[in-house]
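Q: Predicted model and sequence follow; I will ask about them next.
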There are 2 protein chains.
Amino acid sequence: VTSRLPTGARTLSLGPGPEFDRIRDIIQLLGPQGGALGDDCALIPAGETVFALSTDVSVERVHFRLDWISLADVGWRASAAALSDLAAEGADPVGILCAVTVPSRAAAADLLEVISGVRDAAQSFGALVLGGDLSSGSEWSLAITVIGQTRSPVTRGGAVPGDSLWITGALGGSRAALESWRRGATPPPASRQRYARPVPRIAAGRWLAEHGARAMIDLSDGLAGDAGHLAAASGVAVEIDLDGLPLAREAEQEAVKAGISAGQFAAEGGEDFELLAAMPPEFDGAAAFARECGIPLTRIGSVVEGSGVRLLDGGRVVTVKSFDHFG
Amino acid sequence: VTSRLPTGARTLSLGPGPEFDRIRDIIQLLGPQGGALGDDCALIPAGETVFALSTDVSVERVHFRLDWISLADVGWRASAAALSDLAAEGADPVGILCAVTVPSRAAAADLLEVISGVRDAAQSFGALVLGGDLSSGSEWSLAITVIGQTRSPVTRGGAVPGDSLWITGALGGSRAALESWRRGATPPPASRQRYARPVPRIAAGRWLAEHGARAMIDLSDGLAGDAGHLAAASGVAVEIDLDGLPLAREAEQEAVKAGISAGQFAAEGGEDFELLAAMPPEFDGAAAFARECGIPLTRIGSVVEGSGVRLLDGGRVVTVKSFDHFG
């Protein structure tokens, strides 16, 4: 199990769950020293710009397995996960710092392979590798810190009743790969790619911020949990229709094998790193988004008064599990 | 063994050593994506100010042992080590992000104890805890990222021949504690404190920056190695007289037990987190520094033309080992 200690913004509100109880305890312990914790990124104003900072740790056998993906994939994936927090803020990447723990069994070339993945992700999304640290340890672990920049950050906390809820790209691809590996099968290339080389939605996040997004979060822990954070931070409820979720093709096939609806499969899957955005009611830019960002933008629900997340599947209210990596 | 991937400034030059060969390989691999690696902090200009960023990883049984220090000490110590990189830049702390890997044997209260140490260090040196991440793993590990701010950063790269070399505080206290524990003894409280609760020299770094420091580095890996980085980054040689090093009291006693000179003992010891500064020849502010910062400032050598580090002990040129944690 891994859980995020969310980073500074306007609110301390998190959705429900034992992982998040742990974070609530930390926030309480920190008291005033904790600043304004509770968003994808910490925000540091500097003149006309705002710097956004986030840190993300990826540990061998918790977040990845080396019989599934390569060391270069590990470097890319850890960097992409951290950069995704910048996307959720509508921020442009500036730099990456990477602290790498290297097991003693590793060869010198292994570390360079990890770093090559970090470098490629940095290059793809306009960041420099600004620094880092190295240590030995008993397993591979990467702690990636990203810094980005924006003039108008979008936090989790701005959704209001009446807003519509939208999602970028497609869900379930990463989980489809995981389920294949767990069955001892080899995932289809597209699905493997979604797991091993996720794409932080930097351009999409910027586009949504520029087109009036009131709240955003990236989907790392699964739709139900992450939508819950957005709802809690905004002081609203959200309603999502799982029938309408945009699905990765492999997710549909794997859902059949798992004996659950494709919507549930996708909602429970984590690490797709798509963005969930609350847009004002008048927003009708999905076609323009798809044209300009090259991926779909799908309406999946609404923001209403109240609290919590209401998921509908085939017209019935359902509950889904949170994603817990290899739990 | 741990080594730092030094963070962005004006130069790629590092002192000699196999650890630093590894970092040189990384810098070469990163190419233009590596920006301007090679200082205690990455520097990001923002209007009239410059943000300084650094990341530092502390791993159980590599950087600390829990039969020696408490979990609260672990949190403090990891934070202090990262904050020390801000001190070396002359920067004021703004915030800390902490990624914590928690072993499955740990109780819920254990994590809170670690965080209390992070909080106390943050509070002592004027930083907020801006965020972080949590993961499970097989051993405790903290990746601490710090962000600070300064109008005029001092890098490792500005020393020129004729400058004098100065050191804050006293050396060898942290090593004295280590040597005690290694012998199965209990270190004296002052020495234990230096190891378990090191003090990043934030105010001292700012003072030295304001009084003309041309180059600074914090002493984490031992005087010889760190002086070598300053020399390489500045394109100069440095000469240090080990007889003149300011020593922690316990260091002298432990040096006798180790059968080496106190100067050698202190120069080989790491993790004192004092600052080494190159000051212009006319600098004569040691008394004012001591009055205002509450710790001594001691002249230990000179910057000369050439390259590398020349250490004198009892009038003879000597070589000393690098500090390698529990190596």
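A: Structure's in. What do you need?
Q: make it CA atoms for all contacts and neighbour counts henceforth
A: Will do.
Q: now the strands for the stretch 1-150 of chain A?
A: Here the stretch 1-150 of chain A has its strands, by DSSP state E, counting those that start in this stretch, at A:3-5, A:42-46, A:49-59, A:92-103, A:128-137, A:141-150.
Q: any chance of those in a markdown table, plus mean neighbour count and distance to A:Leu219?
A: A markdown table is the format used below for the strands of the stretch 1-150 of chain A (neighbours: other CA atoms under 10 Å in any protein chain shown; distance: least, CA to CA, whole Å):
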| stretch | mean neighbour count | distance to A:Leu219 |
| --- | --- | --- |
| strand A:3-5 | 24 | 12 |
| strand A:42-46 | 22 | 18 |
| strand A:49-59 | 27 | 14 |
| strand A:92-103 | 25 | 18 |
| strand A:128-137 | 27 | 24 |
| strand A:141-150 | 28 | 17 |
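Q: The ones you listed into CSV, with extra columns for mean pLDDT and distance to B:Ala127?
A: Formatted as CSV, the strands of the stretch 1-150 of chain A follow (pLDDT from 0 to 100; distance: least, CA to CA, whole Å):
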stretch, mean pLDDT, distance to B:Ala127
strand A:3-5, 43, 17
strand A:42-46, 94, 12
strand A:49-59, 96, 14
strand A:92-103, 97, 19
strand A:128-137, 94, 20
strand A:141-150, 97, 17
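Q: Now render the ones you listed as TSV, adding distance to chain B.
A: Converted to TSV, the strands of the stretch 1-150 of chain A look like this (distance: least, CA to the nearest CA, whole Å):
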stretch	distance to chain B
strand A:3-5	5
strand A:42-46	6
strand A:49-59	6
strand A:92-103	6
strand A:128-137	4
strand A:141-150	6
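Q: How is the closest residue to A:Gly222 other than its chain neighbours classified with respect to secondary structure?
A: Among residues not flanking A:Gly222 along the chain, A:Gly270 sits closest, at 4.2 Å (CA to CA, 6 or more residues apart in numbering or on different chains). Of the three states, A:Gly270 takes coil under DSSP: H, G, I helix; E, B strand; the rest coil.
Q: one step back: need the strands of the stretch 1-150 of chain A in CSV (columns: distance to B:Val114).
A: CSV is the format used below for those (distance: least, CA to CA, whole Å):
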stretch, distance to B:Val114
strand A:3-5, 14
strand A:42-46, 21
strand A:49-59, 17
strand A:92-103, 19
strand A:128-137, 19
strand A:141-150, 17
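Q: To B:Cys98, which of these lies closest?
A: strand A:49-59 (7.4 Å; CA to CA).
Q: Which strands or helices does the closest one pack on?
A: Counting contacts by 3 or more CA pairs under 8 Å, 6 or more residues apart in numbering or on different chains; DSSP states H and E, strand A:49-59 packs against strand A:42-46, helix A:71-89, strand A:141-150, strand B:92-103, strand B:128-137.
Q: picking that back up, you'd agree the residue nearest to A:Gly222 is up against A:Leu219?
A: Yes. With contact defined as CA atoms under 8 Å, A:Gly270 counts as touching A:Leu219 (6.7 Å).
Q: sorry, back to before: A:Ala258: which of the strands of the stretch 1-150 of chain A is closest?
A: strand A:3-5 (25.0 Å).
Q: Burial check on A:Gln291, number of neighbours?
A: Careful, residue A:291 is Arg; it's not Gln. 11 (other CA atoms under 10 Å in any protein chain shown).
Q: actually A:Cys293, not the one I typed
A: 18.
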